[in-house]
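> Whatever this is, show me its structure:
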Amino acid sequence: MSAVKAKSVATYLIAGNALFTRATALIFICLPVRMQAEEAPAIHVSAAVQAFSSAAEGVPPAPWRVVGLPGNTRKPLTQFDIVQLAGEKVLRVHADHSYANLTHDLMTDKHKGHHMLSWRWRLDKPVVDADLHHKSGDDTPIKVCALFDLPLDHLGFVERNLLRLARSATGEHLPGATLCYVWDQKLPTGSELPSAFTKRIRYQVLDSSNGPLQHWVSHSRDLNADFLHSFGSESGTVPPLLAIVVGADADNTGGSSLAYVGDVSLVEQ
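Sure, this is the predicted structure:
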């Protein structure tokens, strides 16, 4: 699989599925991959976001789970592990020619209200050649994403039917909208843009080259306001949350990155 086709798969993987085009045909791939699994463990759904600081060093605590490229047997997975840093337990996120997301499923009936998403992160090493405007540069050294259950009737005909196929094939209720907050060294803070692969994913740049490396930066975002800002043309109401994701990738550029994330909190207002 070429880098461009692989990245097309990756963009829909945030939502649990992938798509790409070949000539006039649409080929749909929906095979979630989890670490260490030929038989994937049951997915545990949580009503709150499990704190990284609550876990022992090593594997992130359940229900956080690592998801890689569908059908991938060769591409490395981005590494996620709990480490001690300056006396605190935090999540280390290391990408090296790799792709993966750390996903935390939520109970949608508990997440229909007005939510604030808060976290802190620090970037120690950016992806030097990343360029989110182009498929060949669509890598992020660190991102925190919210996945929304946007109704199918809000999507275009092609996207609506692709999502139906994905839900049927995976047996999972996959989201129709994904909002990702990213740290990008080239785009200025405040930049907003869709993924180069699919408008189902929208990026908001919170930190850029003006942000100090190897220093913690804290963020608190009004998910409802940000959803309406990015997807308001498709929906005047905010759908329930399905999951929170932490991720990093450096597979398209062939680079590497290193970042850390503190506890992620989701608070209903």
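
> and Y203, what is it in contact with?
Y203 is in contact with 132, 143, 180-182, 184, 191-195, counting by C-beta atoms under 8 Å, 6 or more residues apart in numbering. (Each C-beta comes from the backbone N, C-alpha and C, glycine too.)

> where does it land on pLDDT?
pLDDT for Y203: 97.

> Looking at strand pairing, list the partners for it.
Beta-bridge partners recorded for Y203 (DSSP bridges): C180, L193.

> Go through stretch 115-129 and flag the buried ones.
For stretch 115-129, burial by neighbour count (16 or more other C-beta atoms under 10 Å) applies to 115, 117-119, 121-127.

> do the same with stretch 225-245
The neighbour-count check on stretch 225-245 (16+ other C-beta under 10 Å) flags 226-227, 230-231, 235, 238-245 as buried.

> which residues of the stretch 151-269 of the chain fall in strands?
Secondary structure of the stretch 151-269 of the chain (DSSP state E, counting those that start in this stretch): strands at 177-183, 192-194, 201-207, 217-222, 241-249, 256-261, 265-268.

> helices or strands up against the fourth one?
Contacting strand 217-222 under the criterion 3 or more C-beta pairs under 8 Å, 6 or more residues apart in numbering; DSSP states H and E are the following elements: strand 115-125, strand 201-207.

> so which of those gets nearest S136?
The closest of these to S136 is strand 201-207. By C-beta to C-beta, the value is 16.1 Å.

> For the protein, name the helix or strand with the lowest mean pLDDT.
Ranked by mean pLDDT, DSSP states H and E, the weakest helix or strand in the chain is strand 25-29, scoring a mean of 23.

> just the helices in the chain please.
For the chain, helices defined by DSSP state H occupy the ranges 3-13, 157-170, 223-231.

> now for the last one, which elements pack on it?
This means helix 223-231. Contacts defined by 3+ C-beta pairs under 8 Å, 6+ apart place helix 223-231 against strand 115-125, strand 140-148, strand 177-183, strand 201-207.

> Need those in a markdown table (columns: distance to V59).
A markdown table is the format used below for these (distance: least, C-beta to C-beta, whole Å):
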| stretch | distance to V59 |
| --- | --- |
| strand 115-125 | 20 |
| strand 140-148 | 19 |
| strand 177-183 | 24 |
| strand 201-207 | 27 |
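
> Nearest to V264 among those strands would be which one?
Of those, the one closest to V264 (C-beta to C-beta) turns out to be strand 115-125, at 4.4 Å.

> same question for the closest one, mean pLDDT?
Strand 115-125 carries an average pLDDT of 97.

> contacts for that strand?
With contact meaning C-beta under 8 Å, 6+ apart, strand 115-125 is reached by 141-142, 144, 146, 183, 207, 211, 213-224, 241, 244, 256-269.

> All set, thanks.
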